[in-house]
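Asker: whatever this is, show me its structure:
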Amino acid sequence: MSDRFHDAEVSPQCSSVVPENRDVNEAEFRAAMLSGLARCSNTAAKKRSLAGAMDLSSKGLENIQLRGAMPGPKRLWDATTACPHALDDVARLYGFELVRSVGFEVAAEHGTLPIATLLAQIAEAEAPSSDGGTVKTHKELIAMEQHILRVHALTGQWLKEIADHRAPTGLRSI
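Answerer: Numbers count the residues shown, from 1 in each chain. Next comes the predicted model:
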């Protein structure tokens, strides 16, 4: 007697809600890294700042950008001090998002003002009379970037607090 469960081909399935890891080859990694560094050094002043943060000379940074030299992990992380989004492209390759840890100043402030400010900018960008009509243009998104990052940091902190609150404390309820 045939049983549909025994006859079916068994395929591995992931029961997790976390997406599968993606294989990233060296060329993809290098391209994402170079893209992030190029975005962070698009002016001479930013280039000097980025090189300094990575403890490189301008020539050393050029070797990375023009010749594809691979900096060490510490230098890549140090790049985020000059440009917090230097590694965003690399993180996205792996299905992650880097979020800067919220400092005391941001954590202590209320979220109403940053959220309201961003909401006003979004409403203005989506107005039919705006540059892109109801679709946000790149210019409008870039203008909102700092407010988006601030709201993202605030909501990230709230989610961390929620997770901390839900974490088991080791105490048994009676």
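Asker: could you list the low-pLDDT ranges of this protein?
Answerer: By pLDDT under 70, the low-scoring segments of the chain are 1-21, 100-110, 169-174.
Asker: what are the buried residues along the longest helix along it?
Answerer: If you go by DSSP state H, the chain has its longest helix at helix 138-166. Residues 140, 144, 147, 149-154, 157 are the ones in helix 138-166 that count as buried (16 or more other Cβ atoms under 10 Å). (Each C-beta comes from the backbone N, C-alpha and C, glycine too.)
Asker: same question for stretch 25-32.
Answerer: Using 16+ other Cβ under 10 Å as the test for burial, stretch 25-32 gives A32.
Asker: hang on, the earlier thing: and the longest helix of the chain, what does it pack against?
Answerer: Under the contact criterion of 3 or more Cβ pairs under 8 Å, 6 or more residues apart in numbering; DSSP states H and E, helix 138-166 touches helix 104-108, helix 112-125.
Asker: residues contacting G36?
Answerer: Applying Cβ atoms under 8 Å, 6 or more residues apart in numbering to G36 gives the contacts 79, 83, 85-90.
Asker: the closest residue to S57 other than its chain neighbours: how many residues sit nearby?
Answerer: If the residues on either side of it in the chain are set aside, S57 comes closest to A51, at 6.3 Å by Cβ to Cβ, 6 or more residues apart in numbering. By other Cβ atoms under 10 Å, 20 other residues sit near A51.
Asker: now name the helix or strand holding A51.
Answerer: Using DSSP states H and E, A51 maps to helix 44-53.
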